[in-house]
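Peer 1: Got a predicted structure plus its sequence, pasted below:
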Amino acid sequence: MSDSSTLPPVRLTSEAELARDALATPLLSRAVRLARWAGPDTRVGAGGELVEDQLPGAAAELGLEGEDAAALASEAWRVAVDTGLVAVLDEEEGTVDKGAELALVTSGAPADVLSLWRIALDTALADASVPDLDDLMTAMDDDGEIDFSALDWDPDAEADFLDGVLGNLYLLTVSEDGAGDSPVPLPALAASAVVPDDMAEPTNDVLEQVSDVMMRLDDQFRLLEPAGLVDFQPVDETLMTDPEEEPAAPSDETDISRYGMVRLTPLGLYGIRTRLREDGIHAPAVGDLADKGADALLDGTSTFPPAAAQAETDQWLARREPLAAARELLAAARGSDPGAPLRRLLCQQALSLVGGEASQALREVLDDPELGGLARVWLTERGAPDVPAPSEELIFWLTVDTIAAQLAAEGNSEELQSLVEGLAAQHSSFFAAAWRVDHPATPDVLEAMGRLHPDKKVAKEARKAAFKARSQKGG
């Protein structure tokens, strides 16, 4: 995953819903059933594992059949022990009893259930990082011991690789233009872990690595799906047919889903976000700022995509009376620091979600040099009476403030370029007046207008105005 310090915010379902989802996962629900099944006659080995002759009984309790039944029952038992649903009483005797954590399944808070699920997830992730059985058998020596050095397997590196892939999947899910609720093609996810960002066209060697990683992830996601982390459509088995074998029936080669599709479940989004935060990565969720002040809201949403910023603001406003909320937002929007223009823009966007009950707060700042402009805009848009016309000085100040905010939010965007062209076309003497505007960002705004305007003559006027503005400020 990228080393970005802040990820886009994720929209999580409630803890109660997540806890219900956790209890419904095959991995945790099987562990709970085995914990309730365990009794005085249950015996475990030195590592707490269920002894071999009791695996058939455990599999039957879970309703499992077939060649994988014993392995699945063993995995469920290990989760029961790891989570504390089962307690080992005597390691030498191998006796067990129901663990103290079992009561949390029915009487614990949603957070308690999710804590159990996260432990179960850790077990599943550890299993998914282990080499497959064929590789283990190949590395076994004459005494039946596994020579891990022969596997070319680094447990920490494997765990880090899987964490990185899951981090990429999380980023692809929460990004504004990302997958959202839609599944991600497995080749795209594999490429995100292998292909360098600055590589325009992958080489054959890199494409071969992508293919290898894709098949590796296919195995791992099959193991992680029962934990409730992902919804997974495996790679089509016919794609893995040996070239010397009889070919399978023709299929649609343009169907990307044949190569595997994966998406994080709502529970998976919660789980990966929790792990990212434990690693020190800032992974916000919509609603994090709802109980904080307006200053935190405006600063926090400054890096949010538009839809997430509005969702966060909606939750913040829902906890406050409109008039009090408007006053708090306006107070937080004041300032002459570099971030102030963007705060005012975000304040204006937040106030657009507030009803007419807030009009008194806007009238209170009509004479404020920093807030009077946006107050007039808000009141005029709502048809309020007796709104004083802005002075020419205020109009120019508000224009500079708006462009400074757009530069901070979007950089040299096409939308901003259109705004700059429109201003220069509508006001032939704009630059002659703009350099005198008493705003901290005036020189930078005029320089940006010089960069963005396609007409060389107009761009030169903007740069001259920027020089005058900077000289006036003594910079």
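Peer 2: Perfect, I can see it now.
Peer 1: Buried residues of stretch 164-182, list them for me.
Peer 2: When burial is assessed from 16 or more other Cβ atoms under 10 Å, stretch 164-182 yields the following buried residues: 165-174, 179. C-beta here means a position set from N, CA and C on the backbone, and glycine is covered the same way.
Peer 1: typo on my end, it should be stretch 59-77
Peer 2: The neighbour-count criterion (16+ other Cβ under 10 Å) identifies 59, 61-62, 64, 69-70, 72-77 as the buried residues of stretch 59-77.
Peer 1: Any chance of those in TSV with secondary structure, pLDDT and distance to residue 11 as columns?
Peer 2: Conversion of the buried residues of stretch 59-77 to TSV gives the following (DSSP: H, G, I helix; E, B strand; the rest coil; pLDDT from 0 to 100; distance: Cβ to Cβ, whole Å):
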residue	secondary structure	pLDDT	distance to residue 11
59	helix	96	39
61	helix	95	38
62	coil	95	34
64	coil	94	36
69	helix	94	38
70	helix	94	40
72	helix	94	33
73	helix	95	36
74	helix	95	37
75	helix	94	31
76	helix	96	31
77	helix	96	36
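Peer 1: out of the residues you listed, which one sits closest to residue 450?
Peer 2: Proximity of these to residue 450 (Cβ to Cβ) peaks at residue 75, which lies at 64.8 Å.
Peer 1: The closest one is in contact with residue 127, isn't it?
Peer 2: Yes. Counting by Cβ atoms under 8 Å, residue 75 does reach residue 127; the two are 7.0 Å apart.
Peer 1: Return the subset of the buried residues of stretch 164-182 lying in helices.
Peer 2: The members of those that map onto helices under DSSP state H are 165-174.
Peer 1: from these, which is closest to residue 438?
Peer 2: Ranking these by separation from residue 438, with Cβ to Cβ as the measure, puts residue 174 on top at 41.0 Å.
Peer 1: quick one: low-confidence parts of this structure?
Peer 2: Along the chain, the model assigns pLDDT under 70 to residues 1-5, 132-153, 177-179, 240-254, 474-475.
Peer 1: Now do the same contact list for the residue most central in space within it.
Peer 2: By Cα atoms, centre = their mean, the mean C-alpha position of the chain lies nearest to residue 174, the distance being 4.3 Å. For residue 174, the contacting residues are 7-10, 269, by Cβ atoms under 8 Å, 6 or more residues apart in numbering.
Peer 1: measure it to residue 268 for me?
Peer 2: Going from residue 174 to residue 268 by Cβ to Cβ, to the nearest Å gives 12 Å.
Peer 1: From residue 64, how far off is residue 224?
Peer 2: Distance from residue 224 to residue 64, counting by Cβ to Cβ: 19 Å.
Peer 1: let me fix that: residue 77
Peer 2: Taking Cβ to Cβ as the measure, residue 77 and residue 64 are separated by 12 Å.
Peer 1: Check residue 357 too.
Peer 2: Distance, residue 357 to residue 64, by Cβ to Cβ: 60 Å.
Peer 1: Now do the strands in the stretch 51-200 of the chain.
Peer 2: Assigned by DSSP state E, counting those that start in this stretch, the stretch 51-200 of the chain shows strands spanning 86-90, 95-98, 184-185.
Peer 1: Compile those strands into CSV and extend it with columns for mean neighbour count and distance to residue 51.
Peer 2: Output for those, formatted as CSV (neighbours: other Cβ atoms under 10 Å; distance: least, Cβ to Cβ, whole Å):
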stretch, mean neighbour count, distance to residue 51
strand 86-90, 17, 12
strand 95-98, 18, 11
strand 184-185, 20, 41
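Peer 1: need these in a markdown table with distance to residue 45, can you?
Peer 2: Supplementary listing: the strands of the stretch 51-200 of the chain in a markdown table, determined by distance: least, Cβ to Cβ, whole Å:
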| stretch | distance to residue 45 |
| --- | --- |
| strand 86-90 | 10 |
| strand 95-98 | 11 |
| strand 184-185 | 40 |
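Peer 1: Out of these, the one nearest residue 468 is which?
Peer 2: Between residue 468 and the strands of the stretch 51-200 of the chain, the shortest gap by Cβ to Cβ is with strand 184-185, which sits at 52.1 Å.
Peer 1: partners of that closest one, with directions?
Peer 2: Each strand paired with strand 184-185, and its direction, by DSSP bridges: strand 261-264 (antiparallel).
Peer 1: Determine the next helix or strand in the C-terminal direction from the strand it pairs with.
Peer 2: The first helix or strand that comes after strand 261-264 along the chain, using DSSP states H and E, is helix 266-278.
Peer 1: Who are the packing partners of the helix or strand just after that next one?
Peer 2: Downstream of helix 266-278, the first helix or strand assigned by DSSP H and E is helix 294-300. Helices and strands in packing contact with helix 294-300 are listed as helix 306-318, helix 322-333, helix 340-351; criterion 3 or more Cβ pairs under 8 Å, 6 or more residues apart in numbering; DSSP states H and E.
Peer 1: Right, I'll leave it there.
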